[in-house]
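Undergrad: Here is my input; please provide its structure:
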Amino acid sequence: MNIGEIARRAGVSRSTVSYALSGKRPVSTATVRRINDVIAELGYRPNASARALAEGRTRTFGLAIPPASARLTDVQLEFVASVVEAAAVHDHDVLLSPSGGDHDRSFERIVTGRRVDGVILMEILLADPRVERLSQAGLPFVTIGHVEHPGASSWVDVDYAGLISRCVHHLADLGHQHVVLINRSDELVAAGYGPALRSSAGFFEAAGRCGMTAHNVCCADEPAAGLACFEQIRARWPEVTAAVTINEAALPGVQRALHRAALDVPRAFSLTGVIADRLAEDFHPPLTAADVPAGEMARLAVDLLLEQINDPSATPRSAMLAPAITLRSSTGAARRG
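TA: Sure, this is the predicted structure:
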């Protein structure tokens, strides 16, 4: 079955059917309904390649992911999977491409190769050259995270500063006076990684308002580093009774360190942060945390990208998400003495 047969049965021209399917030109509601009725009756599904060719599009998104040498976190993996699912709902495919590090050529092929209609960028730096490159190229894009001065660009982000601040206030309400932030790696912080720097700013600002003594440690994204990091915290600041973290990859190591130090959570030590919900639930005891809504972020990113692709004159939009902190079992009153 083809467009010609649909046009004949609906009593319209082939071009009208094409416009009704692609949305490139207005077609009356009654005509669209008649065409859709015929399509439903015939069980027609347009060939993806032919449809893309007719629209002058690839019907493919580029998704710039961290380099393969970097282990993806649970949040990152969930986001990638959710982007693929959200794109499929709109009959689009996703082309994964590593960026950052030694992968400039791969990213440049995405920008110049005409293989995608738009790009979603992950892991945004405050001053990110990829954002500037896409802006210069005129290729539609959406960032997960936002640069320091986003201007007229579309982005989706989590309010790390605000959420970490709420975690600190929660610990202050429980009587904790000495706290530490277990941040991302030294390399990411030095590169200007947005969530790490914004989390640190929110942490120290909130601790200052609450009259708390606060420390920050950078930790590589791996369990072994989490163990070493927590042991370093215990050695340098034994008075610390609670930690806040955004480093989910280090959590298994932190848990081992807590067990090794015979610190009961939450009676002897409290832990909270901004973490993927599955990891928070799997922690022992379950972690009080703001659960990163990776699936919602992915769907929003795809919607914003499609807006730009379908209407290049559309005003760019952004979304700052601030999920509630889920009170589980990892925070309690500060120990005394």
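
Undergrad: quick one: which helix or strand includes Ala290?
TA: Ala290 is located in strand 288-291, with elements delineated by DSSP states H and E.

Undergrad: Paired strands for that strand, with orientation please.
TA: Here strand 288-291 is paired, per DSSP bridges, with strand 270-275 (parallel), strand 325-326 (antiparallel).

Undergrad: how far is the longest one from where the chain is centred?
TA: The chain centroid and the centroid of strand 270-275 are separated by 18 Å, computed with C-alpha atoms, centre = their mean, to the nearest Å.

Undergrad: quick one: average pLDDT of it?
TA: Regarding strand 270-275, the rounded mean pLDDT is 97.

Undergrad: Also the shortest one?
TA: This predicted structure assigns strand 325-326 an average pLDDT of 96.

Undergrad: And the strands in the stretch 201-337 of the chain?
TA: Applying DSSP state E, counting those that start in this stretch to the stretch 201-337 of the chain gives strands spanning 213-218, 242-245, 270-275, 288-291, 318-321, 325-326.

Undergrad: Buried residues, the fourth one. List them.
TA: Spelled out, it's strand 288-291. Thr288, Ala289, Ala290, Asp291 (16 or more other C-beta atoms under 10 Å). (C-beta placed from N, C-alpha, C; glycine too.)

Undergrad: Go ahead and confirm the third one touches Ala324.
TA: Yes - shown here, Ala290 and Ala324 form a contact pair, counting by C-beta atoms under 8 Å, at 7.1 Å.

Undergrad: which two in the buried residues of strand 288-291 are spaced the farthest apart?
TA: Across the buried residues of strand 288-291, the longest distance by C-beta to C-beta is 10.4 Å; it joins Thr288 and Asp291.

Undergrad: Now the common contact residues for these two.
TA: The contact sets of Thr288 and Asp291 overlap at Ala280, Thr326 (C-beta atoms under 8 Å, 6 or more residues apart in numbering).

Undergrad: Just list what the helix or strand harbouring Val119 packs against, helices and strands only.
TA: For Val119, the element it lies in under DSSP H and E is strand 118-121. Strand 118-121 is packed against strand 60-65, helix 129-137, strand 141-144, helix 294-310, with contacts defined by 3 or more C-beta pairs under 8 Å, 6 or more residues apart in numbering; DSSP states H and E.

Undergrad: Pick the most deeply packed of the ones you listed.
TA: Across these, averaging neighbours per residue (mean count of other C-beta atoms under 10 Å) puts strand 141-144 on top, at a mean of 26.

Undergrad: Could you dump the strands paired with strand 288-291 into JSON lines with distance to Leu139 and mean neighbour count added?
TA: Output for the strands paired with strand 288-291, formatted as JSON lines (distance: least, C-beta to C-beta, whole Å; neighbours: other C-beta atoms under 10 Å):
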{"stretch": "strand 270-275", "distance to Leu139": "31", "mean neighbour count": "26"}
{"stretch": "strand 325-326", "distance to Leu139": "37", "mean neighbour count": "18"}
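
Undergrad: mind putting the ones you listed in JSON lines, distance to Leu125 included?
TA: Output for the strands paired with strand 288-291, formatted as JSON lines (distance: least, C-beta to C-beta, whole Å):
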{"stretch": "strand 270-275", "distance to Leu125": "18"}
{"stretch": "strand 325-326", "distance to Leu125": "27"}
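
Undergrad: Thr112: which of the ones you listed is closest?
TA: Thr112 lies closest, by C-beta to C-beta, to one member of the strands paired with strand 288-291: strand 270-275, at 35.8 Å.

Undergrad: Can you give the contact residues for the closest one?
TA: Under the contact criterion C-beta under 8 Å, 6+ apart, strand 270-275 has outside partners 75, 158, 160, 163-164, 167, 170-171, 174, 176, 182, 199, 241-246, 248, 251, 254, 258, 265, 283, 287-292, 325, 330-332, 334.

Undergrad: what about 7 Å?
TA: 158, 160, 163-164, 167, 170-171, 174, 176, 241-246, 248, 265, 287-292, 330-332 (C-beta atoms under 7 Å, 6 or more residues apart in numbering).

Undergrad: of the strands of the stretch 201-337 of the chain, which approaches Val116 most closely?
TA: Closest to Val116 of the strands of the stretch 201-337 of the chain is strand 318-321 (C-beta to C-beta; 21.4 Å).

Undergrad: Show me what the strand or helix carrying Ser15 is packed against.
TA: Here Ser15 sits within helix 14-22, counting by DSSP H and E. In terms of contacts (3 or more C-beta pairs under 7 Å, 6 or more residues apart in numbering; DSSP states H and E), helix 14-22 is packed against helix 3-10, helix 29-42, helix 48-55.

Undergrad: where does the stretch 101-250 of the chain have low pLDDT?
TA: Scanning the stretch 101-250 of the chain for pLDDT under 70 picks out 101-103.

Undergrad: which residues in it form helices?
TA: Under the criterion DSSP state H, counting those that start in this stretch, helices of the stretch 101-250 of the chain are mapped to 104-112, 129-137, 160-173, 186-191, 194-209, 223-236.

Undergrad: Run through the residues that contact the spatially closest residue to Ala214 that is not a sequence neighbour.
TA: Leaving aside its sequence neighbours, Ala214 sits nearest to Ala207 (C-beta to C-beta, 6 or more residues apart in numbering; 3.6 Å). The neighbourhood of Ala207, defined by C-beta under 7 Å, 6+ apart, consists of Val168, Val179, Ala214.
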